[in-house]
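Enquirer: pasting the sequence and the predicted coordinates here, then a few questions.
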Number of protein chains: 2
Amino acid sequence: MIRVAGDDGERTDAARNRRLLLDAAAEIVAACGPDKLTTDAVARRAGVGKGTVYRRFGNRAGLLHALADEAGRSFQAAFMAGPPPLGPGAPPLDRLIAFGEASIGRMRLDGQILRAAEQRGGPDLEHPTQQLTRLHLSMLLREIGVQDPELAAYQLAAFLNAGLLLHLQENRGMTNARLTASWSVLVTALATTGRR
Amino acid sequence: MIRVAGDDGERTDAARNRRLLLDAAAEIVAACGPDKLTTDAVARRAGVGKGTVYRRFGNRAGLLHALADEAGRSFQAAFMAGPPPLGPGAPPLDRLIAFGEASIGRMRLDGQILRAAEQRGGPDLEHPTQQLTRLHLSMLLREIGVQDPELAAYQLAAFLNAGLLLHLQENRGMTNARLTASWSVLVTALATTGRR
DNA sequence: GAATAAAGCGGACCGCGGTCCGCTTGTACT
DNA sequence: AGTACAAGCGGACCGCGGTCCGCTTTATTC
C-alpha cells in the first residue's frame, strides 16, 4: 500500500464520496436549514447510498460536525495562530475575553449548524473540535494560574455551547454585548480570585 | 364543572392514566435504565394507548422530566425551605456552594434520569424545573451583588447540567470532591470580583 | 336519567436515524 | 494483464418517536 500526498488512508472513491456528501449537505443546509437535513436526502442528492453516509461520518451528527468544522476552520486558525488579542501575543486574560467574544459573535453565522451538530445529552464532549476548544481554554487558564484549568475549561466551554448561546440570543433576546460582558466578568473573576 | 381537592383541571380518567404511566415508566427505568424506556413499552405496560403518553406528557422527554421531577422534589424542598446552608438562613455564597455540592452529589442517584430527560440541543432551558434552578441561583447571585445575575445563573446552570457532570464523573473519572472544589472556586470568584 | 359537548383515548400510520449484508470496486502484488 | 482481497458501497430493513382521527368516556345541564 503506497500512500500519496493528501492521502489519509482513504480510497479515492471514498474520498470523492466524502466531498460529494459534504457538498450536498452544505447545499441542503443553505437551502432549508440544518433541521431539514435528513440522511436520506443528502445521500440521494450526493448520488450515493445511505450506507455511505454512515460509513463516512458515523451518524447524522458526525456529518453536521464535519460541516461545522469546515465552517469553523478559519476560527480555529484565528485563535491558534492569528493576530492578537485572539491569537498568541496578548496577555492570557485578554485572549480569553477575545475568545469568548469571537465565539459569541460566530453564532450568528454558524450557530445553526453548530447547534444541530449537538446531539442528545448536549454537545459531543469528546469530539476533536470540542477538545481543541477546551485545550485552548485550559492553556490560557493555566497561564493565568487558575486552579484546575482542565475542569475550569469544561465550565467555560459549557457556557459557550451553541445551543445555550442561540437560545439566549433568539428566545431571550440577549444582545451580544450583554453576553460578552457577562463572559468577561466571569473570566476576569476567575483570573483575579481563582488562583492556585 | 365542579372541582375538588387535588384537581388541577384533569378529568379523573386522565389523572389515573397519568399515574399509571408514571408508575410504569418508573418500573421500566428501574429495571432497564432510562435509555431502554420506549414510549411504546411504557404505554403497553400502563395498559393504555401510545397516544395517551403524548397527550399527557407531550413527548418522551416530557415523561422523563416528570419522572425526574418526582425524584427531585425533595431536593427542591431542601434548597428552598430546608435547613442551611442549602436552605435559607446562611450567607448567599455559602448557599451557592452548598447548592453546587448538592447538585453534584445528586447525580449519582438521579443523574441517569436527568440526563435522559435532556434532549437534543442540551437541556430544555425553559422547563419549569430548570427555570426554578436558575431563579434560585439568580436570587443568590443578586444578593451577592453580581452583575447581571440572570445571565450568570445561566452560566452556572450550564455547568450543573446532568449530561456534563455525568460525563466528567464517569468518562473522565473526576471525583465529586474535585468537581465541588472547582464549583466553589468559580462562585467564590464571582462573588469576590464580579460585583456590580 | 337523557341529552350534549368536550375531553380523552388508542392504535394504525408516517418519517427518519441507524444497521446489515451481499455485491462491486479499487489497490497491491506478480 | 491477471489475481486476490480488503475496502467500499447501496438500499432493503428495523425500531422508535411522534401524529392523526374516528370512537368512547366523562361531566354538566335540563
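Expert: In hand now; what should we look at?

Enquirer: once you drop chain neighbours, what's closest to the residue positioned nearest the centre of chain A?
Expert: With distances taken as Cα atoms, centre = their mean, residue A:129 lies nearest the centre of chain A, 5.6 Å away. Leaving aside its sequence neighbours, residue A:129 sits nearest to residue A:69 (Cβ to Cβ, 6 or more residues apart in numbering or on different chains; 5.7 Å). C-beta coordinates here come from the backbone N, C-alpha and C atoms, glycine included.

Enquirer: state whether the one you found is indeed within a strand.
Expert: No: per DSSP: H, G, I helix; E, B strand; the rest coil, residue A:69 lies outside any strand segment and is helix.

Enquirer: buried set for the lengthiest helix in chain A?
Expert: Criterion DSSP state H: the longest helix present in chain A is helix A:92-117. Buried residues in helix A:92-117, counted by 16 or more other Cβ atoms under 10 Å in any protein chain shown: A:92-93, A:95-104, A:106-107, A:110-117.

Enquirer: dump the residue contacts of the residue nearest to the centre of chain A.
Expert: Contacts here follow Cβ atoms under 8 Å, 6 or more residues apart in numbering or on different chains; on that basis residue A:129 touches A:65, A:68-69, A:72, A:76.

Enquirer: just the buried subset of those, written out for PyMOL, thanks.
Expert: Per 16+ other Cβ under 10 Å, the buried members of those correspond to this PyMOL selection:
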select buried, chain A and resi 65+68+69+72
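
Enquirer: which one of the contacts of residue A:129 is nearest DNA strand D?
Expert: DNA strand D has its nearest neighbour among the contacts of residue A:129 in residue A:65, at 18.2 Å by Cβ to the nearest atom of the strand.

Enquirer: surely the closest one touches residue A:126?
Expert: No: using Cβ atoms under 8 Å as the test, residue A:65 is too far from residue A:126 to be in contact (11.6 Å).

Enquirer: burial of residue A:180, as a residue count?
Expert: By other Cβ atoms under 10 Å in any protein chain shown, 18 other residues sit near residue A:180.

Enquirer: then it would be within a strand, right?
Expert: No: under three-state DSSP, residue A:180 sits outside any strand and is assigned helix.

Enquirer: mind checking pLDDT for it?
Expert: pLDDT for residue A:180: 98.

Enquirer: and for residue A:20?
Expert: 92.

Enquirer: equivalent analysis for the one 4 residues further on, please.
Expert: According to the prediction, residue A:24 has pLDDT 94.

Enquirer: low-confidence ranges in chain A?
Expert: Along chain A, segments meeting pLDDT under 70 span A:1-9, A:120-122, A:196.

Enquirer: near DNA strand C, which residues of it show up?
Expert: Residues of chain A lying close to DNA strand C by Cβ under 7 Å from any atom of the strand are A:1-3, A:11-13, A:37-40, A:50-51, A:54, A:59-61, A:119.

Enquirer: show me where chain A has helices.
Expert: Listed in chain order, the helices of chain A (DSSP H) span A:12-32, A:39-46, A:50-57, A:60-81, A:92-117, A:128-144, A:149-160, A:162-166, A:176-193.

Enquirer: TSV for those, including distance to residue B:80?
Expert: Listed next are those as TSV, based on distance: least, Cβ to Cβ, whole Å:
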stretch	distance to residue B:80
helix A:12-32	44
helix A:39-46	45
helix A:50-57	45
helix A:60-81	37
helix A:92-117	32
helix A:128-144	34
helix A:149-160	25
helix A:162-166	25
helix A:176-193	25
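
Enquirer: need these in TSV with distance to DNA strand D, can you?
Expert: Written out in TSV, the entries for those read as follows (distance: least, Cβ to the nearest atom of the strand, whole Å):
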stretch	distance to DNA strand D
helix A:12-32	4
helix A:39-46	7
helix A:50-57	2
helix A:60-81	12
helix A:92-117	16
helix A:128-144	19
helix A:149-160	24
helix A:162-166	16
helix A:176-193	29
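
Enquirer: using neighbour counts, trim the residues of chain A next to DNA strand C to the buried set.
Expert: Neighbour-count burial (16+ other Cβ under 10 Å) is assigned, among the residues of chain A next to DNA strand C, to A:37, A:39, A:60-61, A:119.

Enquirer: which ones, among the residues you listed, also lie beside chain B?
Expert: Subset of these in contact with chain B: residue A:119, counting by Cβ under 8 Å from any Cβ of the partner chain.

Enquirer: closest one of the buried ones among the residues of chain A next to DNA strand C to residue B:139?
Expert: Nearest to residue B:139 among those is residue A:119, at 32.7 Å by Cβ to Cβ.

Enquirer: surely that closest one and residue A:63 touch.
Expert: No: Residue A:119 sits out of contact with residue A:63 when judged by Cβ under 8 Å, with a separation of 11.4 Å.

Enquirer: contact partners for the nearest residue to residue A:113 once chain neighbours are set aside?
Expert: Setting aside the residues directly before and after it, residue A:113 is nearest to residue A:68 in space (Cβ to Cβ, 6+ apart), at 4.7 Å. With Cβ under 8 Å, 6+ apart as the criterion, the residues that contact residue A:68 are A:110, A:113-114, A:117, A:129.

Enquirer: could those go into a markdown table alongside distance to residue B:168?
Expert: Listed next are the contacts of residue A:68 as a markdown table, based on distance: Cβ to Cβ, whole Å:
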| residue | distance to residue B:168 |
| --- | --- |
| A:110 | 26 |
| A:113 | 26 |
| A:114 | 21 |
| A:117 | 21 |
| A:129 | 19 |
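
Enquirer: out of those, which is nearest to residue B:30?
Expert: Nearest to residue B:30 out of the contacts of residue A:68 is residue A:117 (Cβ to Cβ; 33.2 Å).

Enquirer: in terms of contact, does the closest one touch residue A:70 like I think?
Expert: No: using Cβ under 8 Å, residue A:117 is not in contact with residue A:70; the gap is 11.6 Å.
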